[in-house]
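Peer 1: need a 3D model of the following:
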Amino acid sequence: MGVSAGGVKTKPWSIDYRRRDTAIVKFVQKLKAGNDGLREVASLKVTNDNLRGSIAADHRAIE
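Peer 2: Sure, this is the predicted structure:
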């Protein structure tokens with residue numbers, strides 16, 4: 001953990017780096033997964049908007 005000098009830790013804020021690194025890796029994986037999810041939602045929204053537009057155009061053509 002922290003390097004002690006005269007019984008006092010010089011870095012009381014330092015944490016177990018292995019644990020921190022796994023936490024970072026997991027966090028990055030979550031971010032990537034979230035990003036892919038957002039991309040999927042965005043492409044679905046585009047598809048939805050395109051469908052709405054073509055349906056509206058069809059309605060205008062019928063009228």
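Peer 1: could you use CA atoms for every contact and neighbour count after this?
Peer 2: OK.
Peer 1: show me where pLDDT drops low in this protein?
Peer 2: When the per-residue scores of the chain are filtered using pLDDT under 70, the ranges that remain are 1-15.
Peer 1: could you rerun that using 90?
Peer 2: Per-residue confidence of the chain (counting by pLDDT under 90) places the weak regions at 1-43, 46, 53-63.
Peer 1: name the element the residue nearest the centre of it belongs to?
Peer 2: Closest residue to the average C-alpha location of the chain: residue 31 at 2.8 Å, with CA atoms, centre = their mean. Per DSSP states H and E: residue 31 is located in helix 17-62.
Peer 1: list the contacts of the residue nearest to the centre of the chain.
Peer 2: For residue 31, no contacting residues are found, by CA atoms under 8 Å, 6 or more residues apart in numbering.
Peer 1: ok, now how distant is it from residue 50?
Peer 2: In this structure, residue 31 and residue 50 are separated by 28 Å, where distance is defined by CA to CA, to the nearest Å.
Peer 1: same question, residue 21
Peer 2: Computed as CA to CA, the residue 21 to residue 50 distance reads 43 Å.
Peer 1: same check, this time on residue 38
Peer 2: The spacing between residue 38 and residue 50, counted by CA to CA, is 18 Å.
Peer 1: again with residue 39
Peer 2: For residue 39, the distance to residue 50 (CA to CA) stands at 17 Å.
Peer 1: residue 58 too?
Peer 2: The value you get for residue 58 to residue 50, if CA to CA is used, is 12 Å.
Peer 1: residue 17 now?
Peer 2: Distance from residue 17 to residue 50, by CA to CA: 49 Å.
Peer 1: what do you get for residue 22?
Peer 2: In this structure, residue 22 and residue 50 are 42 Å apart, going by CA to CA.
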